[in-house]
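S.K.: quick check, what structure comes out for this input:
(one chain, ligands or ions: 1)
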Amino acid sequence: MKKTLLAALLLGASLFGSEAIVKQKCTACHMIDMPFTQAEMMKLTPQERMAKKQAVMKSMKAPPLSKVSAKLKYEFGNDKAKFTAFVKDYLRNPSAEKSKCMPMALKRFGVMPPIGKGLSDAELDSVASWLYTHFDTQWNPGEQQRCQGQKGPMKCGAGKCGKSTAKPAMKCGAGKCG
Ligand code: HEC
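M.R.: Residues are numbered from 1 along each chain as shown. Have a look, this model is predicted:
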């Protein structure tokens, strides 16, 4: 009886533990998700939408974890083993070269500090796995402006970045986007 209880407690701890670690170690910088839904945004006027997005962007210190999860799933073709191996390594040894983030995010936020050095292997495993399973957000490469999706700055012609569908078109200085 005691043993079953202990096993149940341990199982509970490992299931709920990952989210607790995320709250403790990650949310100082990363929001878990965007603080508004797409449906809510669509109810606003374009001006209101833009203002809201800008206000949220201003308060951000890192990309939201829902976006990070979606981007990495996209990069690794939904291969959970590759995804978690990448996350575990990145948390201990982050670098601009390894990063799968959009170049604009790196430029804006800088490279993440090696937060994972303070975590055990088991904690890293559980956080990486949580990051994979907690979200079902899809990365839509068409959603982002084309010049943000490329590694390194993209050349642009006629003062516009790519054939962006985003309005207004992004300005670019000195032939570079962003
Ligand atoms: C001190 C702020 C900070 C903390 C704390 C932090 N991060 Fe980050 N993280 C960032 C920034 C900034 C980026 C974007 C730049 C980059 O990718 O290095 C980032 C990017 C990432 C990425 C994307 C890696 C890539 O491909 O570039 C992952 C995955 C990630 N964080 C996971 C975590 C997890 C999990 C935690 C908690 C254990 C955490 N972060 C805690 C700042 C932080």
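S.K.: contacting residues for D89?
M.R.: Contacts here follow CB atoms under 8 Å, 6 or more residues apart in numbering; on that basis D89 touches K98. (Glycine included, C-beta is placed from N, CA and C.)
S.K.: next one: the residue nearest in space to the middle of the chain from M112, what distance?
M.R.: Geometric centre of the chain, nearest residue: V68, 2.0 Å, by CA atoms, centre = their mean. Distance of V68 to M112, given as CB to CB, to the nearest Å: 10 Å.
S.K.: contacts only, for S18.
M.R.: Contact analysis of S18 by CB under 8 Å, 6+ apart lists S126, V127, S129, W130.
S.K.: who touches whichever strand or helix holds Q47?
M.R.: Per DSSP states H and E, Q47 falls inside helix 46-59. Contact with helix 46-59 is made by M34, P35, F36, M41, L44, as judged by CB under 8 Å, 6+ apart.
S.K.: what subset of those is buried?
M.R.: Buried subset of these (neighbour count, 16 or more other CB atoms under 10 Å): M34.
S.K.: among the contacts of helix 46-59, which one sits closest to the ligand?
M.R.: M34 (15.5 Å; CB to the nearest ligand atom).
S.K.: assumed that closest one was part of a strand.
M.R.: No. Under DSSP: H, G, I helix; E, B strand; the rest coil, M34 falls outside any strand and is assigned coil.
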